[in-house]
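>>> turn this into a model:
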Amino acid sequence: MDADTWQVQLAPGDGLVARSGRVLLLARPKGVEQESFTAALREAIEAVVRADAATPGRRVARSVAGLVAAADDDSVPPLVVVAATDDGLALLLVGDVDVEVVGAEGSVEELSGRDAATWVDRVVRGDLGSVTARVGPGTEVDRRSDFGGGTVTASGFRLTPVRSSTATPPAAPAAPVAATPPDEPTTATDIAPQPGSVQESSASFVAVSLTDPLPPEELTPLPVLDETRAVQVGAVQVQGIVCSRGHFNDPTSIYCATCGISMVHQTHNLVAGPRPPLGVVVLDDGAVFPLNEDYVIGREPESSAEVRAGRALPMPLDDPDATVSREHARIVLQGWDVRVVDTSSNGTFMATPGAVDWTRLPAGEPTTIVPGTRLTMGGRSLVFDSHRKH
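Numbering: from 1, shown residues only. Have a look, this model is predicted:
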């Protein structure tokens with residue numbers, strides 16, 4: 001969105017709108033758990049804005065989606081996040097929310113999180129006329145308002161880009177600022193593991209909310225999920241501990257993954273409960289897969305016997321050069337651990353957080369990975385991350 005500033009007009013209501021620079025959050029929390037989640041969400045957004053005030057959109061989307069994926073469904077309120085990217089706006093919708101995007105030429109696109117099994121994630125590019133978001137009953141925005149920052153009570157907002165003012169308005173719209181040309185598509189040569197060093201992917205991103213993989217120390221979960229891809233939470237029972245507020249956690253957790261309360265002084269009595277998502281896998285094209293179930297990764301994972309039998313989900317990797325096997329690897333969830341099994345002929349390579357070398361996984365043997373681990377398979381790469389960090 002080519003604009004010097006944002007004008008934000010508010011609609012009265014019982015939700016809240018929080019603004020931090022070029023990021024807007026609209027939510028309607030109900031109850032203590034949703035209020036706590038919203039507070040954690042605001043803190044995560046503030047942390048990203050402190051690191052990147054100009055174009056925080058992709059990193060904000062990564063953080064918000066990671067928090068949503070790791071939280072109990074009941075603790076996540078309906079919400080909308082709008083954040084600036086280098087060439088537009090990143091939009092993330094969860095639950096009973098609606099967004100209207102008006103283009104500079106008057107085109108209108110309606111988005112809703114109501115029917116999504118997980119969330120809706122989009123990047124809209126170029127000059128825009130306005131973005132209007134609402135949660136709950138529709139209320140017209142107060143055109144006299146101009147929200148500059150902080151947190152206020154409201155049920156919606158309209159964001160309008162404000163260009164530089166001039167003494168005499170131009171007779172015709174200025175030519176759109178050309179977006180920076182995308183990088184060339186990643187090839188197998190670009191990201192293949194090289195001896196003695198860990199190389200990052202230089203994939204080109206199209207209509208996604210993820211930049212090139214960050215260094216391990218900067219990784220936050222991400223966030224783009226293809227809105228047509230829905231993954232249902234599994235019902236696998238595992239042994240865990242419960243925080244003082246009743247949230248189920250990994251027995252090794254220092255902090256509750258849902259509310260963030262310290263678990264250090266909690267009595268660690270093991271109880272059985274449904275396993276929450278163990279994190280997310282982010283592909284180099286920006287797609288995100290919540291880790292609720294096992295996956296088969298490859299060029300044609302749908303043909304796998306595990307997928308056909310319903311014991312795993314497919315994680316397809318588009319690879320015109322055929323450097324990725326049809327069934328290249330598997331992700332296996334065992335207890336609270338995430339494990340990778342190489343099932344290919346040309347290998348799967350791993351780089352743990354902070355590592356300077358790639359390590360080839362032993363064929364056919366499960367290898368436990370930790371948040372921040374990167375993997376390469378033929379000409380493609382992915383990263384595993386999670387808010388379940390100890």
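>>> hey, let's count contacts and neighbours off CA atoms from now on
OK.
>>> where does the stretch 1-150 of the chain have low pLDDT?
Counting by pLDDT under 70, the low-confidence segments of the stretch 1-150 of the chain come to 1-4, 138.
>>> kindly report the same for the stretch 201-350 of the chain.
Confidence mapping of the stretch 201-350 of the chain against pLDDT under 70 gives the ranges 201-235, 265-267.
>>> all strands of it, in order?
Remark: strands assigned in the stretch 201-350 of the chain by DSSP state E, counting those that start in this stretch are 237-242, 248-249, 271-274, 280-283, 288-290, 295-298, 313-316, 329-334, 337-342, 348-351.
>>> which secondary structure elements does the fifth one sit against?
Using 3 or more CA pairs under 8 Å, 6 or more residues apart in numbering; DSSP states H and E as the contact criterion, the secondary-structure elements in contact with strand 288-290 are strand 280-283.
>>> the strand it packs on pairs with which strands, parallel or anti?
When pairs are called by DSSP bridges, strand 280-283 turns out to pair with strand 288-290 (antiparallel), strand 380-385 (antiparallel).
>>> buried deepest among those, which one?
Mean neighbour count, computed with mean count of other CA atoms under 10 Å, is highest for strand 288-290 among these, reaching a mean of 26.
>>> that older thread, so for Arg326, which of the strands paired with strand 280-283 sits nearest?
strand 380-385 (13.1 Å; CA to CA).
>>> put the alpha carbons of that closest one into CSV.
What follows is strand 380-385, C-alpha atoms only, in CSV (Å, rounded to 0.1, in the frame of the first residue of the first chain):
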residue,chain,number,x,y,z
ARG,A,380,12.9,-27.4,-1.5
SER,A,381,13.3,-26.4,2.1
LEU,A,382,11.1,-26.0,5.2
VAL,A,383,11.4,-25.0,8.8
PHE,A,384,9.8,-26.4,12.0
ASP,A,385,8.9,-24.0,14.7
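>>> now do that strand, average pLDDT.
When pLDDT is averaged over strand 380-385, the result is 92.
>>> touching, Pro78 and Ala27? I think so.
Yes: counting by CA atoms under 8 Å, Ala27 is a contact partner of Pro78 at 5.7 Å.
>>> between these two, which contacts overlap?
Shared contacts of Pro78 and Ala27 (CA atoms under 8 Å, 6 or more residues apart in numbering): Val135.
>>> of these two, who's got more company?
Ala27 (31 against 23; other CA atoms under 10 Å).
>>> show me what counts as buried in stretch 104-113.
Residues of stretch 104-113 classed as buried by neighbour count (16 or more other CA atoms under 10 Å): 111-113.
>>> about what we covered before: export the strands paired with strand 280-283 as a markdown table, with columns for distance to Glu327.
Formatted as a markdown table, these follow (distance: least, CA to CA, whole Å):
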| stretch | distance to Glu327 |
| --- | --- |
| strand 288-290 | 17 |
| strand 380-385 | 14 |
